[in-house]
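*Asks:* For reference, the sequence and a predicted model appear below.
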Amino acid sequence: MAVKLSPREKAALATQMMNKVSSPSPTPVSTTESPVRQINSVQIGLAMAGQGGKVTELEKQLHEAERALDEVRADSVALNAEWQGVLPSKKLDPKFVKPSKWANRHDKSFEGKEFLALKLEIESAGCNVQPIKVRPIAGSSPQEYEIVFGHRRHRACLELDLPVLAMIEPIDDKELFKEMDRENRLRADLRPYEQGVMYARALDEGMFSSLRKLAEDLGLQSSNVTTAVNIARLPKAVIEAFDSPLDVQYRWSAPLNEAFKSDPDLVLSRASEIVTGRLAGVKTSAVKVYERLIGIVDGQPKVVSHIVKLGGKAAFKVSISKDKVAFDLPVLSKATLSKIEKAILEALKEQGALP
């Protein structure tokens with residue numbers, strides 16, 4: 001007696017038969033194979049059972065599902081690429097996080113309105129939203145960390161007795177130095193004196209073979225590094241003449257150094273007078289301190305001159321005032337004058353006075 005099969009049973013039987021023909025031995029199906037390819041035998045079976053219309057609809061749905069899956073995979077790849085190399089953040093006890101030996105933040109950076117605003121922001125959030133970066137201090141127990149960048153955020157959390165959110169990565173001194181400098185320049189809140197102290201310390205400790213090499217490794221113009229270092233290397237008495245060393249501006253570097261080079265005793269005397277006045281309650285703005293140090297009184301520039309000698313004999317005179325430098329030279333040939341003009345142009349470019 002013949003058994004009458006339903007359309008569904010016919011489709012299942014056809015599928016089994018097709019699988020036996022096409023796959024004599026069982027082969028695992030790859031999980032990455034296209035869903036449409038995996039149902040080929042099902043399509044054939046349904047077609048043999050007279051369900052062709054349903055095959056078309058099923059195929060359409062599977063194609064749509066496959067496209068959606070491809071989009072999800074693409075989004076996942078893009079997300080992984082975006083976060084590739086990003087370090088996870090962890091909340092640390094700020095008491096176990098130490099300032100870097102390369103720390104360039106002056107004590108004045110932890111005072112004033114800007115730092116207060118930062119503290120209020122962190123206090124409101126309950127933690128620093130933007131993580132700092134630290135490296136583990138080898139051999140410490142309990143584990144301690146050294147700051148790579150984020151000294152002010154760490155200080156704010158320490159004073160507020162809040163955990164500090166930090167990224168942790170073991171890196172060497174040079175990489176720490178470069179990351180700290182890069183972060184500070186991106187935030188654009190580090191002052192010339194602080195920047196100069198950092199560069200001068202790196203040079204003094206032999207981290208870089210020369211100032212030019214330091215500038216190359218950091219991707220900076222050597223003239224800008226020179227200016228910052230010259231500010232940091234000004235005599236302590238000159239720096240202390242200012243209410244804060246953070247007030248010293250880049251454009252003051254050359255005049256201050258030239259004035260000190262020309263007559264150090266006079267500049268130191270002026271600095272001492274300014275400090276004495278401040279201790280007596282006389283308030284002097286940074287601009288006025290600068291002008292006083294280089295010899296400008298009541299807006300009138302004082303010309304400071306010195307003789308450049310060669311072989312013990314006077315060669316020419318240089319006169320320096322607030323806004324210009326004058327050279328008193330003997331009569332020169334056109335060729336010699338042209339060479340001097342080119343040398344001056346190069347010097348101006350080095351200093352950043354020309355593009």
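*Replies:* Arrived safely. Everything numeric in this text was worked out from a predicted model, so none of it was measured.
*Asks:* what residue ranges in the stretch 51-200 of the chain score low on pLDDT?
*Replies:* 51-56, 58-59, 61, 65-66, 68-87, 104, 106, 109, 187-189 (pLDDT under 70).
*Asks:* Recalculate using a threshold of 90.
*Replies:* Per-residue confidence for the stretch 51-200 of the chain (pLDDT under 90) gives these ranges: 51-90, 99-118, 127, 129-130, 138-141, 149-152, 173, 176-192, 194-195, 197-198.
*Asks:* So what's the residue count around residue 241?
*Replies:* 28 (other CB atoms under 10 Å). (Glycine included, C-beta is placed from N, CA and C.)
*Asks:* Give me the nearest residue to it, chain neighbours excluded.
*Replies:* In space, not counting the residues next to it along the chain, residue 241 is nearest to residue 271; the distance is 4.0 Å by CB to CB, 6 or more residues apart in numbering.
*Asks:* pLDDT at the one you found, what is it?
*Replies:* According to the prediction, residue 271 has pLDDT 94.
*Asks:* and if you look at the one 5 residues further on?
*Replies:* The predicted local distance difference test score for residue 276 is 92.
*Asks:* give me the element it is part of.
*Replies:* Here residue 276 is covered by helix 264-279, with elements defined by DSSP states H and E.
*Asks:* From residue 118, how far out is the residue nearest to residue 241?
*Replies:* For residue 271, the distance to residue 118 equals 32 Å [CB to CB, to the nearest Å].
*Asks:* Run through the strands of the chain in chain order.
*Replies:* 89-92, 97-98, 132-136, 145-149, 164-168, 304-310, 313-320, 325-328 (DSSP state E).
*Asks:* Residue 193: which of those strands is closest?
*Replies:* strand 145-149 (18.3 Å; CB to CB).
*Asks:* And the contacts of the closest one?
*Replies:* Residues external to strand 145-149 that are found in contact with it (CB atoms under 8 Å, 6 or more residues apart in numbering): 92, 96-101, 103, 132-137, 154, 166, 168-169, 171, 176, 179-180, 183-184.
*Asks:* same deal with stretch 153-161?
*Replies:* Applying CB under 8 Å, 6+ apart, the external contacts of stretch 153-161 come out as 94-95, 97, 99, 110, 115, 118-119, 122-123, 127-128, 130, 132, 147, 163-164.
*Asks:* Equivalent analysis for stretch 199-218, please.
*Replies:* Looking at what lies outside stretch 199-218 - CB under 8 Å, 6+ apart - the contacts are 102, 104, 173-174, 177-178, 181-182, 221-222, 224-226, 228-229, 232-233.
*Asks:* which of those residues are buried?
*Replies:* Among these, those classed as buried by 16 or more other CB atoms under 10 Å are 102, 104, 177, 178, 181, 224, 225, 226, 228, 229, 232.
*Asks:* Among those residues, which ones are in helices?
*Replies:* Secondary structure assignment by DSSP state H places 177, 178, 181, 224, 225, 226, 228, 229, 232 of these in helices.
*Asks:* Dig out what residue 314 forms beta bridges with.
*Replies:* For residue 314, the beta-bridge partners are residue 309 (DSSP bridges).
*Asks:* wouldn't it be in contact with residue 306 here?
*Replies:* No - applying CB atoms under 8 Å as the test, residue 314 and residue 306 come out as separate, 10.4 Å apart.
*Asks:* who has more neighbours, the two?
*Replies:* The residue with the greater number of neighbours, taking residue 314 and residue 306 and applying other CB under 10 Å, is residue 306; the counts read 13 against 9.
*Asks:* Touching, the more buried one and residue 316? I think so.
*Replies:* No - at 10.3 Å, residue 306 and residue 316 do not qualify as touching, with contact defined as CB under 8 Å.
*Asks:* Tell me how far the closest residue to residue 179 other than its chain neighbours lies from residue 347.
*Replies:* Counting by CB to CB, 6+ apart, residue 179 lies nearest to residue 148, which is 5.4 Å off, once chain neighbours are set aside. For residue 148, the distance to residue 347 (CB to CB) stands at 36 Å.
*Asks:* same check, this time on residue 288
*Replies:* Following CB to CB, the distance that separates residue 288 from residue 347 is 29 Å.
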